[in-house]
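Trainee: From the sequence below, what's the structure:
(chains A, B and C)
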Amino acid sequence: MEGVGCPKEGQKAKKRRALAILEALKAAYPGAKTELKHNSPFQLLVATVLSAQATDKSVNEATPALFARFPDAKALAEARPEEVEPYIRRIGLYRTKARNLVALAKRLVEAHGGEVPRDKRALMALPGVGWKTATVVLGAAFGVPGIAVDTHVARLAQRLCLSEAKSPEKIGADLERLFPKEDWVFAHHALVLHGRYVCTARKPRCPACPLAPHCPSRREG
DNA sequence: ATCCCGAGGG
DNA sequence: CCCTCTGGAT
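Mentor: Reported below is the predicted structural model:
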């Protein structure tokens, strides 16, 4: 599938193909945005941290009760990790995430007035927040342009032969070179949705894929 | 490279 | 059973 290597293609043709893919994504996923439930940048940050190696569905089943008990950074900062664990146990990686979230909330209160900083380095300095989570929160909460690369975006970039890089940061840089800046945040969300529902890891639904005409890895069935 | 980790799909 | 899920820290 994606391991067979991409056909040789000039940069110009590749960029044209990327723009065709972008148009198809706009048609298929108009107004694509995060599916994580949240009512504030803080809640989006928490939900995004929880979403690491977990499904959005499982996160959305846990966060309503979690946010009812700990609605903001101040409330979460005063909790102990063991108090948080029961709310997120079913998500997986729950001990690490509970510990990170409490430490994260403390740092928000102590260093950022309880608010989510709009700065990538400040976000990445928070426990449990790496490049991907920081890029997602900046884009979804504050409209800062950027293409975060998660498992879905990485897989699709490879299958679509839009990047042959391996690290998320390099894949993101490749995609940002191919798409107009004003479409970066949309492209991220649309690629995630497409990866989740159509171009799945195990059994991609190529016959139903609107990107198939532009995809070197497409298969019949 | 390895660990963290539960739940759902195939 | 094995693989995957909007990764991050060590």
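Trainee: pLDDT score for residue A:5?
Mentor: On pLDDT, residue A:5 comes in at 81.
Trainee: do the one 4 residues further on as well
Mentor: Model confidence at residue A:9, expressed as pLDDT, equals 95.
Trainee: Likewise for residue A:45?
Mentor: For residue A:45, the predicted pLDDT is 99.
Trainee: I figured it hits residue A:129, correct?
Mentor: Yes. Contact criterion CB atoms under 8 Å: residue A:45 and residue A:129 qualify, at 7.4 Å. Glycine gets a C-beta too; all of them are placed from N, C-alpha and C.
Trainee: which neighbours do these two share?
Mentor: Shared contacts of residue A:45 and residue A:129 (CB atoms under 8 Å, 6 or more residues apart in numbering): A:104, A:123, A:137.
Trainee: how does chain A divide into domains?
Mentor: For chain A, automatic domain parsing gives the domain ranges A:11-33+A:146-214, A:41-142.
Trainee: In three-state terms, label residue A:219 for me.
Mentor: coil (DSSP: H, G, I helix; E, B strand; the rest coil).
Trainee: In space, what's closest to the residue in chain A that DNA strand C sits nearest to - neighbours in sequence excluded?
Mentor: Among all residues of chain A, residue A:130 sits closest to DNA strand C, at 2.6 Å; criterion: CB to the nearest atom of the strand. Sequence neighbours aside, residue A:124 is the residue nearest to residue A:130 in space, at 6.3 Å (criterion: CB to CB, 6 or more residues apart in numbering).
Trainee: With residue A:79 instead?
Mentor: residue A:102 (5.7 Å).
Trainee: one step back: JSON lines for the domains of chain A, including distance to DNA strand B?
Mentor: Shown next, in JSON lines, are the domains of chain A (distance: least, CB to the nearest atom of the strand, whole Å):
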{"stretch": "domain A:11-33+A:146-214", "distance to DNA strand B": "6"}
{"stretch": "domain A:41-142", "distance to DNA strand B": "2"}
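Trainee: and of those domains, who's closest to residue A:5?
Mentor: domain A:11-33+A:146-214 (8.3 Å; CB to CB).
Trainee: Between the two ends of the closest one, how far is it?
Mentor: One end of domain A:11-33+A:146-214 sits 15 Å from the other (CA to CA, to the nearest Å).
Trainee: Tell me, how many residues neighbour the residue of chain A closest to DNA strand C?
Mentor: Neighbourhood size, residue A:130 [other CB atoms under 10 Å]: 13.
Trainee: My read is that it contacts residue A:123, right?
Mentor: No. Residue A:130 is not in contact with residue A:123 according to CB under 8 Å; the separation is 9.3 Å.
Trainee: May I have the phi/psi pair for the nearest residue to residue A:138 once chain neighbours are set aside?
Mentor: Residue nearest to residue A:138 in three dimensions, not counting chain neighbours: residue A:144, with 3.9 Å by CB to CB, 6+ apart. Here is the backbone geometry of residue A:144 (degrees, to the nearest 10): phi -80, psi 120.
Trainee: Ok, residue A:118 next?
Mentor: phi -90, psi 30.
Trainee: roughly how far apart are it and residue A:142?
Mentor: 5 Å (CB to CB, to the nearest Å).
Trainee: now do residue A:132
Mentor: Per CB to CB, residue A:132 is found 16 Å from residue A:142.
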